[in-house]
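> just coords:
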């Protein structure tokens, strides 16, 4: 909904409100594209296996449950001012308030009532669906996934006689989110034109304030992972963006330009070791300068420019995988050491960390050239060339600090102790 109002000849006002809401439930196959052969001559019941020697595919059923609501209110004002010899000016201002709530959970299909292990999320309770296939018939290579074919109801276990049904439950605490945010933004900009508009200057300023609420997770009385609405972490971020630009028309056909800005981005959904705090705002400084010209009544146009961008506090999900995630590696090693009696649970907890990624800095610079020709009304020819050079630095300093402290500690344990992904020595090697 928007309301626009003109005040006089040169002033324009707009008040707008936007509401957006969506929810999705996306299936995810968790087995890759492997095809197996059934080697079993008998079923678990002792009966002959009618599918012995046949090809099959099988998979667990995972699903991402996403939802978001976004409510945004914006007030903007624009004004034009002509002072004749002293220049022509345009002014603009905007204030915006945005409240958004993002919710997601990674779920997977398990047998209801956890019949094979007390923990709902135990692998013993996970449903694996199998489909026998004919290699020469691609049409039968599909999974009877629960979204398309429905959850299982009233299936009898041929061994125990138990009646089984399946359901969706959250897979783990790390992939549960219900974190509302609110953002306030203020923008001011002006453009000035001098010397019969041969010189054009532009200046802009913007400030953003973001407040986030990150909720913890817990297990409820039924033993399922849920959001812990009593365990909240509040964070506040603020960033300023300043821009300056100039264009000078040396002649009606030749122009030179220069732009400079510093800016920031909203913090990504990446959490940093050791305490799992959300990554801070990425910040950057950029500039570009160049020359543009137009010849033969616009039939030939060319532009050449040099650019440079320097960014800090970037964050991504590197060091967030199975092989190199400090939180996962550390927990597996510590759990193995506890089980072997080489460390107490209390001491192990002091070495556990939370994190899903790492930070880095990046410098990028280069050149761009564009040539456009309009030989006739019906033809346009365009060619472009660009060269970009850059490098990444200050990679994962928080991960390096964790490794310097914790790897020597982990090396004190029996290196042959087994974790879910290999021995302790192998887990250390996978990180290094």
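Alright, I've got the coordinates. If you're wondering where the values come from, they're calculated on a predicted model, not measured in any experiment.

> The closest residue to residue 34 other than its chain neighbours: what's it in contact with?
Sequence neighbours aside, residue 57 is the residue nearest to residue 34 in space, at 7.2 Å (criterion: C-beta to C-beta, 6 or more residues apart in numbering). C-betas here are computed from N, CA, C, even on glycine. Shown in contact with residue 57 (C-beta atoms under 8 Å, 6 or more residues apart in numbering): 31, 34, 35, 36, 130, 131, 133, 141, 143.

> Mind checking what helix or strand follows the helix or strand encompassing residue 57 in sequence?
Assignment of secondary structure by DSSP states H and E places residue 57 within strand 55-82. Counting by DSSP H and E, the next helix or strand C-terminal to strand 55-82 is strand 88-111.

> Give me the buried stretch members for that following strand, please.
Across strand 88-111, burial judged by 16 or more other C-beta atoms under 10 Å covers 88, 90-92, 94, 96, 98, 101, 103-111.

> name the helices or strands packed onto the helix or strand just after it?
Sequence order places strand 128-133 as the next helix or strand after strand 88-111, per DSSP H and E. The contact analysis (3 or more C-beta pairs under 8 Å, 6 or more residues apart in numbering; DSSP states H and E) places strand 128-133 against strand 55-82.

> Helices of the protein, start to end?
146-149, 326-339, 345-349, 397-410, 424-431 (DSSP state H).

> surely residue 326 meets residue 399?
Yes. Applying C-beta atoms under 8 Å as the test, residue 326 and residue 399 come out as touching, 6.2 Å apart.

> Name the residues contacting each of the two.
273, 319, 355.

> Check what pLDDT the first one gets.
Spelled out, it's residue 273. With respect to pLDDT, residue 273 scores 87.

> now the one 10 residues further on
The predicted local distance difference test score for residue 283 is 90.

> which one is it nearest to, not counting chain neighbours?
residue 264 (4.7 Å).

> how many neighbours does the one you found have?
20 (other C-beta atoms under 10 Å).

> Distance of it relative to residue 286?
To residue 286, residue 264 is 12 Å away according to C-beta to C-beta, to the nearest Å.

> Likewise for residue 214?
Counting by C-beta to C-beta, the gap from residue 214 to residue 286 is 30 Å.

> now do residue 422
44 Å.

> So for the two, which sits in the more crowded spot?
residue 286 (17 against 13).

> dump the residue contacts of that one.
259, 260, 261, 262, 263, 307, 308, 309, 310.

> Confidence-wise, which of those residues comes last?
residue 263 (84).

> Give me the buried entries from the contacts of residue 57.
133, 143.

> ok, so of the contacts of residue 57, who is nearest residue 235?
residue 31 (37.9 Å; C-beta to C-beta).

> Strands of the stretch 101-250 of the chain, residue ranges please.
128-133, 155-156, 163-164, 166-170, 176-194, 199-219, 225-251 (DSSP state E, counting those that start in this stretch).

> Neighbouring strands - and their directions - for the fourth one?
Read it as strand 166-170. strand 88-111 (antiparallel) (DSSP bridges).

> Centre of the chain to the partner strand, how far?
13 Å (C-alpha atoms, centre = their mean, to the nearest Å).

> now it: mean pLDDT?
On average, strand 88-111 scores 94.

> Same question for stretch 126-140.
90.

> Identify all contacting residues around that stretch.
Residues contacting stretch 126-140 (C-beta under 8 Å, 6+ apart): 35, 38, 51, 54-61, 108-111, 141-145, 152, 166.

> If anything else comes up later, I'll come back, but that's it for now.
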